[in-house]
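>>> any chance you could fold what I've pasted below:
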Amino acid sequence: MNSISQSIESTTIKKIMLRILPFTFICYVIAYLDRVNLGFAALEMNAELALSAEVFGLLSGIFFLGYFLFEVPSNIVMHKIGAKIWIARIMITWGIIVILTGFVQSATHLYIARFLLGIAEAGFFPGIILYFTYWFRSKERGRASASLVMALPVGTIIGAPLSTWIMDNIAWNGMAGWRWMFILEGIPAIILGIATLIYLDNRPKDAKWLSDAEKNWLENELDRERRHSITVNKASKLEMVKDLRVWKLAFIYFAHYTAMYGLGFWFPSIIKSFSASSSNMEIGWLTIIPALIGIPCMLLFAWSSDKRNEHRIHIMVSLLIAATGYIVCGMVDSTLMMILSITFGAIGLYGFIGAFFSYMTLFFTESTAPAGIALVNAFASLGGFIGPMIFGKMPISNGMFTLGSLIVIACLVIFSLRQKSVSALHTRASLEEHVIKQ
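Sure thing, here's the model as predicted:
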């Protein structure tokens, strides 16, 4: 009987991972590319539209204001009406807005487009993380989350040379390359949004590609974790909002978000400031170096934290590495040393992602997860507004020191945060059940 159960477990988890993870990964690659391609557009767009550094900093960040305002409502709506309809709506609307961004004529037009893009995309990432709780047990969520957020470095690796190539080589109908970059990179979101309606299933019970035995096994496993979660976490949304641990999670992710997106939007321009003679394509290739290092680090931290069932220590180590990279970057004065120090910091930034999202889901019950995950992500998204503005108002060195200090504070906060592991309770319950059967 035990071997049959293990066989069902193995085949079910394999089917789910192969069905869900590649598709959501591709969708998030496009989401990240459409979010940060403004940084590559800045290489030409800022001069054409006469945008100052401060204006560009605000333009980069205003996306996250719309994102912040609509993220929690978006997740709640998704939980009620179903994932595939809502995720499809998100992708199609953001694709349309990205395409329209290619036709802006002023800073005012850009402010409107970026704010609307934030509203359109609000709820996508936390919605996918919530969606994973419908399909994966806590011990698989670290790997699932890491495979999703691997889209960040992959999006950079694909997007940097692609965006700069489009800018350098496409000028159809007399339109600048940066405009065609927005138009061409917005189309895949619409196509994938339509595909979502056909490909995704809301819950395991809807999956025709799972057998009845596999559906029953998975639902029983997830129900068991949900029952245990209620015993260690706040059961109502109001109690959850009052829980200091949730706000600590939000601050930790806020610090990471500020560092990641503060640098993400400005990295091409920072490289250009150190190497003014570099072409757009050369800057694009240099931009991908930290992302190339980030991929194995993200997977390693996710695998290690899941295997040891110890996410908190992994998060602390990743933050210390990231802070060191940023602080050192604030002291260098050459392109080579700047890229090396940022690449070292990327080990921590991407390693954090591999461990954090699995850890975060342990703090919520099924009823509080839609609002809770969105709340943490929404508060963190304010870092996406503040981070780019830091470099818009400060010299590069001061900006790096500021972000490095913020990450250090986040490390101190995670040190004070503890959580009774739901997966540990699940393991104990399984052992107790086994003893009773014996």
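>>> what's the host helix or strand of Trp285 in contact with?
Per DSSP states H and E, Trp285 falls inside helix 280-287. Helix 280-287 is contacted by residues 40, 43-44, 156, 160-161, 163-165, 167-168, 267-268, 271-272, 275, 278, 335, 339 when judged by Cβ atoms under 8 Å, 6 or more residues apart in numbering. All C-beta atoms are positioned from the backbone trio N, CA, C, and that covers glycine.
>>> pull out the buried residues from these.
40, 43-44, 156, 160-161, 163-164, 167, 267-268, 271-272, 278, 335, 339 (16 or more other Cβ atoms under 10 Å).
>>> tell me the one of these nearest Ala107?
For the buried ones among the contacts of helix 280-287, the residue nearest Ala107 by Cβ to Cβ is Glu44; the value is 15.0 Å.
>>> from Ala176, how far off is the closest one?
Applying Cβ to Cβ, to the nearest Å, the value for Glu44 to Ala176 is 6 Å.
>>> what does Ala355 give?
Counting by Cβ to Cβ, the gap from Ala355 to Ala176 is 41 Å.
>>> more neighbours: which of these two?
Neighbour totals were compared for Ala355 and Ala176, and Ala355 leads with 28 against 15 (other Cβ atoms under 10 Å).
>>> name the element that one belongs to?
helix 335-361.
>>> what residues sit buried inside that helix?
In helix 335-361, residues buried by neighbour count (16+ other Cβ under 10 Å) are 335, 338-361.
>>> elements contacting that helix?
With contacts taken as 3 or more Cβ pairs under 8 Å, 6 or more residues apart in numbering; DSSP states H and E, helix 335-361 sits against helix 124-133, helix 138-149, helix 151-169, helix 244-274, helix 289-308, helix 311-329, helix 369-393.
>>> tell me the angle of it relative to helix 311-329?
Counting by axes from the mean of the first three to the mean of the last three Cα atoms, to 10 degrees, helix 335-361 lies at 160 degrees to helix 311-329.
>>> quick check: mean pLDDT of helix 335-361?
Averaging pLDDT along helix 335-361 gives 85.
>>> what does stretch 396-415 give?
Stretch 396-415 comes out at a mean pLDDT of 91.
>>> now do it: distance to the chain's middle.
Its chain's C-alpha centre and that of stretch 396-415 lie 19 Å apart, by Cα atoms, centre = their mean, to the nearest Å.
>>> please identify the buried residues of that stretch?
Residues of stretch 396-415 classed as buried under the neighbour-count rule (16+ other Cβ under 10 Å) are 396, 399-404, 406-408, 410-411, 413-414.
>>> is it possible to get JSON lines of those residues that adds secondary structure?
Output for these, formatted as JSON lines (DSSP: H, G, I helix; E, B strand; the rest coil):
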{"residue": "Ile396", "secondary structure": "helix"}
{"residue": "Gly399", "secondary structure": "helix"}
{"residue": "Met400", "secondary structure": "helix"}
{"residue": "Phe401", "secondary structure": "helix"}
{"residue": "Thr402", "secondary structure": "helix"}
{"residue": "Leu403", "secondary structure": "helix"}
{"residue": "Gly404", "secondary structure": "helix"}
{"residue": "Leu406", "secondary structure": "helix"}
{"residue": "Ile407", "secondary structure": "helix"}
{"residue": "Val408", "secondary structure": "helix"}
{"residue": "Ala410", "secondary structure": "helix"}
{"residue": "Cys411", "secondary structure": "helix"}
{"residue": "Val413", "secondary structure": "helix"}
{"residue": "Ile414", "secondary structure": "helix"}
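>>> in CSV: the residues you listed, plus distance to Ser211.
Converted to CSV, these look like this (distance: Cβ to Cβ, whole Å):
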residue, distance to Ser211
Ile396, 57
Gly399, 54
Met400, 54
Phe401, 56
Thr402, 54
Leu403, 50
Gly404, 51
Leu406, 49
Ile407, 46
Val408, 50
Ala410, 44
Cys411, 46
Val413, 45
Ile414, 41
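>>> lowest confidence element among the helices and strands of this structure?
helix 422-437 (a mean of 39; mean pLDDT, DSSP states H and E).
>>> anything in contact with each of Glu44 and Ala176?
Counting by Cβ under 8 Å, 6+ apart, the common neighbours of Glu44 and Ala176 are Met167.
>>> assign Asn202 to helix, strand or coil.
coil.
>>> distance of the residue nearest to it when sequence neighbours are not counted from Lys272?
The shortest distance from Asn202 to any non-neighbouring residue, by Cβ to Cβ, 6 or more residues apart in numbering, is to Gly82 (4.3 Å). In this view, Gly82 and Lys272 are 45 Å apart by Cβ to Cβ.
>>> gap between the residue nearest to Tyr253 when sequence neighbours are not counted and Leu110?
Spatial nearest neighbour of Tyr253, excluding adjacent residues (Cβ to Cβ, 6+ apart): Ala380 at 3.8 Å. With distances taken as Cβ to Cβ, Ala380 is found 24 Å from Leu110.
>>> likewise Ala291?
26 Å.
>>> tell me the centre residue of the chain?
When Cα atoms, centre = their mean is applied to the chain, the residue found nearest the centroid is Val149 (5.2 Å).
>>> could I get the contacting residues of that residue?
Counted by Cβ under 8 Å, 6+ apart, Val149 has contacts 28, 298, 353-354, 357.
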